[in-house]
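Colleague: Sequence and predicted model, in that order:
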Amino acid sequence: MALQALGFSDSQQLLGDRYIECSQRIDKNTFSFQAYKFIHKVKPLAGYPTKAGGFAKDVFSIGGDQGTHMDSPLHFIKGGRSVDKFTLKELIAHGAVVDVTAKVEMNSDYMLTIDDVKAWENKYGRIRDNSLVVMKTGWNKHFGKGYAKYTGTDAKGGFHFPGFSPKLADWLIKERKVVGVGLDTPSLDNGPSKDY
């Protein structure tokens, strides 16, 4: 596919040379906050299987926010853009992966801070405008191991998992002009958050 079809000029190159696959398998154990469970059925069509042919058709039903996904502004903002309104060019960005796995091992409710990001910048350089900042927590090891494990649900029903601090979120927008953030947990806020 020509770069022009992707929204790039002839002189632009795709950004960077390292791509990280971060998708998770979607199946009956896939996490969902709501009651949207993964349903998979195989429907035989046209008499499948027969000597004359026919075929099987897989039918899936899942919540739109299950597994690895992108939340659009519409997810929380009335009148916000939906995912299909973004161009491919908008969905390709430089990335900064801030690894706080060791801190999360000591505190499952850990929140990424401005200091964490500044420490990353001291090592790798200032985060470019229009970048994506990813918080690597190691929480992905709980994915697919059930609702209680992935949410860190305690005996009282409270959640415990890491997330972005609100101060950092504001700072990333105002001081680094990021286009998005990401992480490997059920939500951008940490589990105990009450205000989201």
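Modeller: Great, that's in hand.
Colleague: hang on, Asn29 packs against Lys149?
Modeller: No - applying CB atoms under 8 Å as the test, Asn29 and Lys149 come out as separate, 10.0 Å apart. Every C-beta, even on glycine, is put in place using the N, C-alpha and C of the backbone.
Colleague: Worst mean pLDDT across the helices and strands of this structure, which element?
Modeller: Using mean pLDDT, DSSP states H and E, the weakest-scoring helix or strand in the chain turns out to be strand 39-50, at a mean of 64.
Colleague: How many residues are close by the closest residue to Pro192 other than its chain neighbours?
Modeller: Spatial nearest neighbour of Pro192, chain neighbours left out: Asp109 (5.5 Å); criterion: CB to CB, 6 or more residues apart in numbering. With neighbours defined by other CB atoms under 10 Å, the count for Asp109 comes to 16.
Colleague: how near is Asp109 to Asn190?
Modeller: Separation of Asp109 from Asn190 (CB to CB, to the nearest Å): 5 Å.
Colleague: So for the two, which residues contact both of them?
Modeller: Jointly contacting Asp109 and Asn190 under the rule CB atoms under 8 Å, 6 or more residues apart in numbering are Phe161, Pro162.
Colleague: And the helices in the chain, which stretches?
Modeller: 101-106, 114-124, 147-151, 166-175 (DSSP state H).
Colleague: what's the angle between the second one and helix 166-175?
Modeller: To tie it back to what came earlier, the one meant is helix 114-124. 50 degrees (axes from the mean of the first three to the mean of the last three CA atoms, to 10 degrees).
Colleague: Listing request: residues of the protein with sub-threshold pLDDT.
Modeller: Counting by pLDDT under 70, the ranges of the chain that qualify are 1-22, 33-36, 40, 42, 44-56, 63-67.
Colleague: need the strands for this structure, in chain order.
Modeller: Counting by DSSP state E, the segments of the chain that form strands are 39-50, 53-61, 95-99, 111-112, 132-136, 163-164, 180-183.
Colleague: tell me what the fourth one is packed against?
Modeller: Going back to what we said before, that points to strand 111-112. In terms of contacts (3 or more CB pairs under 8 Å, 6 or more residues apart in numbering; DSSP states H and E), strand 111-112 is packed against strand 163-164.
Colleague: Return the list of strands paired to the strand it packs on, each annotated with direction.
Modeller: Its sheet considered, strand 163-164 pairs with strand 111-112 (parallel) by DSSP bridges.
Colleague: what's the partner strand in contact with?
Modeller: For strand 111-112, contacts defined as CB under 8 Å, 6+ apart pick out Val98, Val100, Met135, Pro162, Gly163, Phe164, Ser165, Leu168, Asn190.
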